[in-house]
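Visitor: Show me the folded form of this:
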Amino acid sequence: MIIDAHHHLWNLDRAPYPWLGDHLPTINRSMEFTELEPLIDGAGVDLTIVVQGSDFAADTEYLLEQALRHPRIVGVVGWVPLARPDEAAAQLDALMTHPAFRGVRHGINFEADADWLLRPDVTEGLELLAARDIPFDIVSVRRRHLELIPELSERHPDLRMVIDHLSKPPVKRDEWEPWRTNLARAAENPRVFAKVSGLFPSRGDMTEWTVDDVRPFVDYALELFGPERLMAGSDWPIANLAGGYGRVWRGITDSISDLPVSSRDAILGGTAARFYSLTD
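Guide: Here you go, the predicted model:
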């Protein structure tokens, strides 16, 4: 099974998405699975995992509904108020009864405090995830967030974490440091995984990239994590800003085309299935 381990959906009538606006005209509208499904068909993707795009319970409720409506969505990474542990505990207990619920993410990239994950109240919230063996997606698009992962590993030794988008490596830039060193330190914890997703320029024209631009970063991630801790994701609809679903997914598959079949199978489905407990 080929699994897209990271995409989004949103419905502007169901939840607020404060980060959207006129500055993103291509995706500043409802983006639903009926639009995505023909794209995954064209790319040969079988199943998907949808990840929250808003720090509101209404967004998670919407995604869980979509998973029930569309069987190819086999996992939902939702949101709970980690900074309010009592509320988070109650919401997690309810979410864990839903067959599609598979993990939690918080939009730390929108928090003014770069050390938000170290706050005492958030520490208590993350311990709720660790105690329940619920994975945590880290959207570490800021340098400081990747730097925090070793400390998070020490504070929460039982917490399984996955780094979204390889922490946005410097594609099309000759600035591998400090990303290179910080990713290596994060990878030292065997409970930390990473997503080969969102690998397009974060500055300027996001469509200006080639497989040759992406492959060195994928190769480096393979050195650190191995295929058994890497999973592929499209980051759709953000992918529309970087050339579209098909181009982004081909960029991933082409970047690993020289690997043994077993390694490709892991990155394109096996790792995600294991990390998100999609199989017994």
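
Visitor: where does the stretch 101-250 of the chain dip in pLDDT?
Guide: Under the criterion pLDDT under 70, no range of the stretch 101-250 of the chain is flagged.

Visitor: which residues in it form strands?
Guide: 101-105, 136-138, 161-163, 192-196, 230-232 (DSSP state E, counting those that start in this stretch).

Visitor: wait, which of these is closest to residue 130?
Guide: Checking the strands of the stretch 101-250 of the chain against residue 130 by Cβ to Cβ gives strand 136-138 as the closest, at 8.5 Å. Just so you know, the C-beta spots here come from the backbone N, C-alpha and C atoms, and that holds for glycine as well.

Visitor: In its sheet, which strands sit next to that closest one, and in what direction?
Guide: strand 101-105 (parallel), strand 161-163 (parallel) (DSSP bridges).

Visitor: which ones are touching the residue positioned nearest the centre of the chain?
Guide: For the chain, the residue nearest the mean C-alpha position is residue 164 (4.0 Å; Cα atoms, centre = their mean). Counting by Cβ atoms under 8 Å, 6 or more residues apart in numbering, residue 164 makes contact with 6, 51, 105, 137-141, 195, 197-198, 233.

Visitor: So which of those wins on neighbours?
Guide: residue 195 (29 neighbours; other Cβ atoms under 10 Å).

Visitor: pretty sure that residue contacts residue 165?
Guide: Yes - Residue 195 lies in contact with residue 165 (Cβ atoms under 8 Å); the separation is 6.1 Å.

Visitor: Spit out the residues that contact the two alike.
Guide: Common neighbours of residue 195 and residue 165 (criterion: Cβ under 8 Å, 6+ apart): 6, 233.

Visitor: In this structure residue 77 contacts residue 104, no?
Guide: Yes - using Cβ under 8 Å, residue 77 is in contact with residue 104, at 6.6 Å.

Visitor: The residue lying closest to residue 123 once chain neighbours are set aside and residue 120: what is the separation?
Guide: Excluding the flanking residues, the one nearest residue 123 by Cβ to Cβ, 6 or more residues apart in numbering is residue 155, at 6.4 Å. With distances taken as Cβ to Cβ, to the nearest Å, residue 155 is found 11 Å from residue 120.

Visitor: These two: who's more crowded?
Guide: Between residue 155 and residue 120, counted using other Cβ under 10 Å, residue 155 has the larger neighbour count: 15 against 9.

Visitor: Give me the helices and strands touching the helix with the most length in the chain, please.
Guide: When the chain is parsed with DSSP state H, its longest helix is helix 211-225. Packing partners of helix 211-225 (3 or more Cβ pairs under 8 Å, 6 or more residues apart in numbering; DSSP states H and E): helix 179-187, strand 192-196, helix 245-255.
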